[in-house]
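S.K.: I would like the atomic coordinates for the input below:
(one chain, ligands or ions: 1)
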Amino acid sequence: MQDLIIIGAGPAGLTAAIYASRAGLDTMIIERGAPGGKMFVTHEIENYPGFENISGRELSQTMHKHALKFGAKYEYGDVKEIVDLGETKKVITNMNEYEAKKVIIATGTENRKLGAPGEDKLQGAGISYCAVCDGNFFRDRDVAVIGGGNSALEEALYLADICSSVTIVHRRQEFRAEDYIVNKVKQHEKIKFVLDSNVKSFDGEDTLQSVTVVNKLTNEETVIPVAGAFVYVGLIPITSPFTDLGIVDERGNIQVDERLESKIKGVFVAGDVREKDLRQIATATNDGAICAQNIINDLK
Ligand code: FAD
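M.R.: Residues are numbered from 1 along each chain as shown. Just a heads-up that it's a prediction; the model follows:
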């Protein structure tokens, strides 16, 4: 029996492990991939305090080592279900079953993909899902943003300060974003619009060279030469293993209180998997610390 099981070894889960094990809790992390989560697949990180420039892989390794320093156990496993046994919770993976007094869900998100040809091949070679992270690599170059919601437009504004031009490709005429942001985008001299259009393909052999779009009304095809394309068609929280627990709403989110505890007592939620405005390493570590400290207080 563990005091705490943390599902997911991204920055949220690893931070929770540092706090909990350092406070003497018997802590286990369960991860189905590489420690570090999304950090592990990030080329360079320039905005995590204390590291002016660090590769995502190196920050993952540093955080992972730190998380194990105070005695937390690390298990490989793909969590399939949590069963609420009242005072304790059972965590079922593809390989084992574990029991703990408290659980933190820190499973992150998956990027919603467009599904256009070339997208998988050129991911990380021109196609990105994070302008705050990767925008600087396209300084003074032309880029496209795909999407028409708040995230897409906010990130287009961010990119317009860095890049030569930003072309927003959106499948409708109207944006789903707040008027305030739409107006700002429309007034920006570096931002252009290709509306009522779908992406037909992302083109290039080793790196992205252009995006081909098709106008839905005229069927006209346009090739937009760009070095980068930022896809903002949504993030999907990884919550499907927890639907049977009855805590996942119809949009796939888990509602939490200010302690980051779900409606099932003893089940906490940290990091990108939570509904939030800014999904970054700093905000994930923040959540991990809050969850762990609340659990420490509850158990003592
Ligand atoms: P994640 O990092 O997503 O970790 C979740 C972990 O849970 C994963 O390891 C996953 O394998 C595991 N998991 C999921 N489901 C299960 C399961 N069922 N069983 C077991 N394990 C499971 N942020 C910055 O601050 N600066 C940057 O420069 C930056 N660059 C980025 C670049 C890219 C390309 C991307 C995609 C993101 C970037 N981000 C950046 C965002 C940042 O990486 C995330 O906000 C952060 O990693 C979220 O941390 P997390 O711990 O909540 O989730």
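S.K.: and the residue nearest to residue 96 when sequence neighbours are not counted, how many residues sit next to it?
M.R.: Distance criterion Cβ to Cβ, 6 or more residues apart in numbering; nearest residue to residue 96, sequence neighbours excluded, is residue 77 at 6.1 Å. The way it works is simple: take the backbone N, C-alpha and C, and place the C-beta from them, glycine included. Close neighbours of residue 77, defined as other Cβ atoms under 10 Å, add up to 19.
S.K.: Please report the distance of residue 77 from residue 98.
M.R.: Going from residue 77 to residue 98 by Cβ to Cβ, to the nearest Å gives 8 Å.
S.K.: So which other helices or strands are in contact with the biggest helix by length in the chain?
M.R.: Taking DSSP state H as the criterion, the chain has its longest helix at helix 281-299. Under the contact criterion of 3 or more Cβ pairs under 8 Å, 6 or more residues apart in numbering; DSSP states H and E, helix 281-299 touches strand 2-7, helix 11-22, strand 97-105, strand 267-269.
S.K.: and the residue in the stretch 51-200 of the chain positioned nearest to the ligand, what does it touch?
M.R.: Closest residue of the stretch 51-200 of the chain to the ligand, Cβ to the nearest ligand atom: residue 108 (2.2 Å). Residues near residue 108 by Cβ atoms under 8 Å, 6 or more residues apart in numbering: 8, 10, 12, 37-38, 237-238, 271-273.
S.K.: In strands only, show me the residues you listed.
M.R.: Among these, the members falling in strands (DSSP state E) are residue 237.
S.K.: near the ligand, which of the contacts of residue 108 show up?
M.R.: 8, 10, 12, 37-38, 238, 271-272 (Cβ under 6 Å from any ligand atom).
S.K.: Let me have the residues you listed in TSV, extended by distance to residue 230.
M.R.: Listed next are those as TSV, based on distance: Cβ to Cβ, whole Å:
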residue	distance to residue 230
8	25
10	21
12	24
37	20
38	16
238	22
271	22
272	17
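S.K.: Greatest separation within these: which pair is it?
M.R.: 12 and 238 (12.0 Å; Cβ to Cβ).
S.K.: what touches both of the two?
M.R.: Here residue 12 and residue 238 share the contacting residues 108, 273, scored by Cβ under 8 Å, 6+ apart.
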